[in-house]
Every structure is written in C-alpha cells, then in structure tokens.
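Peer 1: quick one, fold the following:
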Amino acid sequence: INAEYMGVAAEAGTAHEALGRPLRGALPQPAEGAFALRITYQTSPEATALCWLRPEQSDGGEHPFLFSQCQAIHARSVMPCQDTPSVRFTYDSVVSVPSPLRALMSALVVSESEAADGRRVCTFKQPVPMPSYLVALVVGELVSKDVSERCRVWAHPSKVELARYDFDETEKFVAAGEELTGNPYAWGRYDVLVLPGSFPYGGMENPCLTFVTPTLLSGDRSLADVVAHEVAHSWTGNLVGNATWDDFWLNEGFTMYLQRCIVCTQRGEDFFEFDSILGWDGLEGSVKTFGPTHPYTALRPVLDQVDPDDSFSRVPYEKGFNLLFYLTRLVGGRAEFIAWLKTYIAEYRTRAITSADFKRHFLSYFSQKPAAAAALEEVDWAAWYDSPGMPPVTPRFDTKLADACTALADSWLDAPSRDAASVTVSETLATWHTSQRMQFLLRLRQKAPLPTTDLAGLDKAAGFTHSGNCEIRFSWFVLALTSNYQEVRIPVEHFLLEQGRMKYVRPLFRKYVSVFGLEAAQAFFNQHKGKYHNIAQKMVAKDLQQ
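Peer 2: The predicted structure follows:
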C-alpha cells in the first residue's frame with residue numbers, strides 16, 4: 001500500500017486478529033474542506049471478502065467465478081477504506097474481465113465495451129451514499145432476464161429461467177416497499193443475482209444487485225420471502241442504517257418487520273403473524289445455542305474489539321422485530337406504526353443512526369398522541385436493549401394458521417397407525433405453503449425423539465428427504481437427526497456439500513456431531529471445507545471446536 005496526500009506518506013499500524021491492520025497518516029495542517037487522498041494498493045487473493053471458485057466449483061463447470069461478501073468488516077480486506085457502517089460514500093469503478101465473463105457490482109452500469117485485447121471493460125457508478133459493507137463485485141458466466149422495467153434476474157444460463165419464475169414477484173415487492181415506507185425506491189435498479197451454492201447467506205442486500213443463494217430456487221415461488229427481505233433493506237439498512245455493529249438490529253429487526261408487511265400484501269394478512277411465530281422459534285434456537293445469559297443474545301451487544309461475524313444469529317432479526325411488534329401494539333396498531341415509519345425514513349435517509357436516535361425519534365413522534373404516549377411509559381428500554389436472553393415481553397400472536405399445523409401434526413402423533421396416517425397427512429401437506437409445512441415439522445421436532453420406523457413411513461409418503469425445497473429438507477433433517485434416524489446420514493452429507501448457506505450448514509453440523517460424533521464431523525468438514533466460503537469455514541470450524 002502506498003498512500004499520498006500532498007507528499008505525506010502513510011504507514012500501516014499493528015495488526016489486530018479480528019480487525020486487521022490500520023492505515024494511518026498525518027495530514028498537513030490545516031486540512032480544511034474537501035481534499036484528495038490517493039492510495040495505490042493491491043488486493044491479496046486471500047482477502048476474506050472474496051470467494052474464488054474454480055471452474056469445477058461453479059455452475060456449468062466451464063469458467064471460474066468470483067463473488068465478494070463484505071459484510072460485516074471484510075471490505076477492508078479488499079480495499080483500504082473506513083470500514084464502518086457509520087461512514088457512507090458514493091463510488092465509481094472500472095472493471096476489466098476476460099470474455100465471455102461478465103462483471104457486476106452494487107452500482108448502476110454506465111457502459112460496457114471490449115478492449116483491444118478482447119477483455120470486457122465495465123464501468124459502474126453508485127450515486128447514493130452507502131457504507132463499505134455494501135460494496136459488492138461478482139464475475140462469472142452470467143445472463144439476465146427482465147422481470148420489469150427496473151428489475152431483472154441474473155444467473156448462470158442453466159438457472160436463469162427458473163430464477164425468473166421464482167422471483168417473478170420482485171417488482172410487486174419493490175412497489176409494496178415504496179407504498180409502505182412512503183419513500184420512492186432510491187437505487188435506480190433492483191436486480192437479483194443467483195450465486196453458486198457456496199454463498200454463505202440467504203441473501204445480501206447489495207444496492208442495485210441483491211445476491212441470493214440458489215437454495216431459494218424451489219420452482220414454486222414459496223421461498224421468495226428472502227427477496228422480499230432484501231427488497232425491504234433498500235429502505236431499512238441501506239438507506240437508513242446502523243452506525244455501529246452494536247446496533248445491527250436497526251437493520252435487521254426493522255427489515256424483518258417491513259418484510260412481513262410486504263409479504264402479507266401478496267400472501268394474505270394471516271401470514272404476518274404466522275411467519276412471526278416461525279421467527280420466534282428461530283430466536284429461541286439462537287438463544288439456546290449461545291446460552292440465555294450470553295451477551296450476544298442482547299439486542300444491543302457490546303462488540304468493541306470483536307469480529308461482528310462471531311455474534312451473527314437470529315437475535316438482531318427476531319428480537320429486534322419483536323420489540324417493534326410490541327411497540328406497534330402499544331401505539332394502537334400497524335397503521336399508526338407505519339405512519340411513524342414513513343417519517344423516520346424521511347428524516348434519516350442516507351444516514352447512519354444509533355438505538356438512541358431511534359428511541360428519541362419514536363418517542364418524540366408519539367408524544368403528540370396522548371394515548372400512545374401513555375402506553376409507551378411501560379416500555380423497559382434497558383431490558384429490551386441490554387438484557388440477554390429472550391425478550392422481556394412475550395408476544396401474543398394470532399395462532400390460527402399455526403394451530404392448523406399443530407393439529408395436523410398431533411393427528412399423526414396420536415394415530416393408531418402412523419403409517420396409514422402418513423398418507424393422509426402427506427396429502428394435506430401437499431396443498432400447504434412451505435412455511436406451514438415447516439411449522440408441521442417443527443411441531444414434530446418438539447415431540448422428538450420419535451421412532452425411526454415411524455419417520456421412515458412419513459418420509460416415504462411425504463418425500464421430505466428428496467424434496468426440491470431446501471427449507472423442507474433442512475427442517476426434515478433436523479427432525480431426523482434429533483430422533484437419531486441415522487439412515488439420513490448420506491442425504492444430509494449430500495445436502496451439506498451442495499450448498500454452503502450457514503443457516504443450514506451450521507445447525508446440521510452441530511446435529512451431525514450429536515449423532516455421529518465430533519471426530520466424524522471434523523473429518524467430514526476438513527475433507528470438504530474448500531467448498532465453503534471463508535466466513536462459513538471460519539464459523540463452522542469454531543462450532544466444531546466447542
């Protein structure tokens with residue numbers, strides 16, 4: 001690295017295990033107003049933000065593939081920057097790649113041309129200020145299909161038609177987000193890119209170009225809720241975001257709330273609280289994994305000198321959502337909350353804020369509404385923000401859809417012949433949405449361990465093991481391993497190898513340990529860890545040390 005400002009050199013400081021090496025330089029005095037700092041650097045192929053796939057690891061098997069994942073603090077491994085969500089910037093870039101590969105970024109495409117050497121040269125511009133973790137780059141064999149004038153899908157040619165079908169509701173999600181927030185979509189384009197299976201997350205809300213896992217390609221659009229989540233980030237997170245990683249819930253809790261509002265415009269009002277019940281179960285699972293007194297289960301954990309990746313869980317998503325759900329009830333309902341949300345986004349647009357900023361704005365708005373102001377006096381903000389474990393207030397969700405799932409599961413559990421009941425149950429499940437089938441399996445897991453012969457009969461009738469829906473397969477494998485159903489070992493291993501989504505691989509590796517032993521899990525992971533992204537490798541390795 002060489003940095004220069006009017007001839008003043010900069011130097012790298014001492015490396016920190018989690019945070020990296022700072023780059024420091026004294027600016028001439030006075031340094032007032034705008035100034036130019038030029039840094040010449042080279043990025044290491046081992047940068048933690050970058051995932052380089054060999055041709056045999058990529059879709060199609062003919063060309064290499066590259067994608068980045070800068071959240072939370074990996075942008076610093078790619079480029080020298082102020083790698084904190086409190087700093088926002090615009091950017092321009094020029095990317096040169098070998099034909100026939102294509103480069104895309106979290107920005108608008110300005111131009112594409114072919115250089116004299118046959119390489120493809122792409123120019124990008126991101127005019128809206130954004131934090132460093134949203135810088136994104138992908139290079140690969142990619143083609144696109146339009147969904148609407150401002151939305152399209154990108155994928156390998158073998159997957160692009162399925163992606164267009166599964167994500168056909170994207171424009172409806174964006175339009176719903178605009179209506180709910182009262183703020184127009186600010187980023188110009190909303191494109192969705194389907195990455196190879198090693199992508200460690202369900203989705204990543206990079207502006208102009210959301211990254212998604214291929215595990216969402218179910219063929220029935222039932223897993224497009226993840227796209228609705230990333231669409232919601234266009235306002236909550238990307239436009240109004242957290243100033244520190246301690247306040248990550250301001251991104252994810254708000255986005256879960258807005259996602260559920262968006263989805264129920266397409267699926268029906270009942271799905272808002274039904275999905276919230278599934279989210280509550282996910283929150284309980286995260287709290288159980290960490291332990292109810294672990295500081296990472298606080299809504300606002302202290303992450304000073306800590307890698308934020310270590311604290312990643314459902315806590316900021318679902319504990320944050322449940323705070324907002326609780327506040328919604330106190331202020332008189334969702335219509336009143338959404339009216340406030342519109343003013344909140346307009347006020348803090350393109351700014352990074354803290355939990356204190358949110359609280360101050362929220363209470364100020366509702367101070368003008370006597371009934372809401374009086375109700376809000378009961379909120380124990382310290383308990384919500386800083387206490388570990390489950391939320392201090394247990395929500396009262398509408399359980400109509402969940403009760404139907406529970407009743408079906410109980411009818412199977414109580415049947416004189418579970419083999420016969422499996423056929424009847426599977427016929428009902430075939431007519432249900434994915435989330436309802438997941439709730440059915442969750443109910444069975446609550447009663448686990450179950451006899452493996454009964455599980456075999458249920459699987460034969462319902463086809464869980466070979467389902468084309470990854471959420472169903474995952475839920476089934478967790479139930480099966482919880483019941484010590486060892487016949488699923490090979491299908492579980494295949495599932496672990498075909499994708500690297502941490503939502504699936506981390507819990508399954510932990511379950512794998514409980515059934516087949518730590519040594520077997522470590523051996524399997526060490527043999528195949530090259531298939532996973534750097535972040536997933538790091539987190540699974542830590543899981544298998546405990």
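
Peer 1: how about the strands in the stretch 251-400 of the chain?
Peer 2: Per DSSP state E, counting those that start in this stretch, the stretch 251-400 of the chain carries strands over the ranges 351-353.

Peer 1: output the below-cut-off pLDDT ranges for it.
Peer 2: For the stretch 251-400 of the chain, no stretch has pLDDT under 70.

Peer 1: just the helices in it please.
Peer 2: Using DSSP state H, counting those that start in this stretch, the helices of the stretch 251-400 of the chain run over residues 270-290, 320-331, 334-348, 355-366, 370-376, 381-386, 400-413.

Peer 1: tell me what the lengthiest strand in the chain is packed against?
Peer 2: If you go by DSSP state E, the chain has its longest strand at strand 120-130. Secondary-structure packing of strand 120-130 (3 or more Cβ pairs under 8 Å, 6 or more residues apart in numbering; DSSP states H and E): strand 89-97, strand 102-105, strand 108-114. To be clear about C-beta, it is placed using only N, CA and C from the backbone, and glycine gets the same treatment.

Peer 1: the very next helix or strand once past it pairs with which strands?
Peer 2: For strand 120-130, the succeeding helix or strand toward the C-terminus, using DSSP states H and E, is strand 137-140. The strands beside strand 137-140 in its sheet (DSSP bridges) come out as strand 65-68 (antiparallel), strand 102-105 (antiparallel).

Peer 1: now the helices of the stretch 251-400 of the chain as JSON lines including mean neighbour count and distance to residue 466?
Peer 2: Formatted as JSON lines, the helices of the stretch 251-400 of the chain follow (neighbours: other Cβ atoms under 10 Å; distance: least, Cβ to Cβ, whole Å):
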{"stretch": "helix 270-290", "mean neighbour count": "18", "distance to residue 466": "23"}
{"stretch": "helix 320-331", "mean neighbour count": "22", "distance to residue 466": "33"}
{"stretch": "helix 334-348", "mean neighbour count": "17", "distance to residue 466": "40"}
{"stretch": "helix 355-366", "mean neighbour count": "17", "distance to residue 466": "45"}
{"stretch": "helix 370-376", "mean neighbour count": "14", "distance to residue 466": "51"}
{"stretch": "helix 381-386", "mean neighbour count": "16", "distance to residue 466": "43"}
{"stretch": "helix 400-413", "mean neighbour count": "17", "distance to residue 466": "20"}
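
Peer 1: can you count the residues close to the closest residue to residue 82 other than its chain neighbours?
Peer 2: Once flanking residues are discounted, residue 82 sits nearest to residue 132: 6.9 Å by Cβ to Cβ, 6 or more residues apart in numbering. Around residue 132 there are 23 other residues, counting by other Cβ atoms under 10 Å.

Peer 1: who touches residue 132 in this structure?
Peer 2: 70, 75, 76, 81, 82, 83, 84, 85, 87, 89 (Cβ atoms under 8 Å, 6 or more residues apart in numbering).

Peer 1: deepest of the helices and strands packed on strand 120-130, which one?
Peer 2: When those are scored by mean count of other Cβ atoms under 10 Å, the highest mean neighbour count falls to strand 102-105 (a mean of 22).

Peer 1: show the end-to-end separation of stretch 436-455, please.
Peer 2: Chord length of stretch 436-455, first to last residue, is 19 Å (Cα to Cα, to the nearest Å).

Peer 1: low-confidence ranges, the protein, go.
Peer 2: Across the chain (using pLDDT under 70), the flagged ranges come out as 1-9, 28-31, 546.

Peer 1: so residue 407 versus residue 280, what's the distance?
Peer 2: Distance, residue 407 to residue 280, using Cβ to Cβ, to the nearest Å: 19 Å.

Peer 1: and for the closest residue to residue 458 other than its chain neighbours, the neighbour number?
Peer 2: Distances taken as Cβ to Cβ, 6+ apart put residue 422 closest to residue 458, at 4.6 Å, once the chain neighbours are dropped. When neighbours are counted by other Cβ under 10 Å, residue 422 registers 21.

Peer 1: what's residue 14 sitting at in phi/psi?
Peer 2: For residue 14, the backbone dihedrals are phi -70, psi 140 (criterion: degrees, to the nearest 10).

Peer 1: SS state for residue 164?
Peer 2: With DSSP: H, G, I helix; E, B strand; the rest coil as the basis, residue 164 sits in helix.
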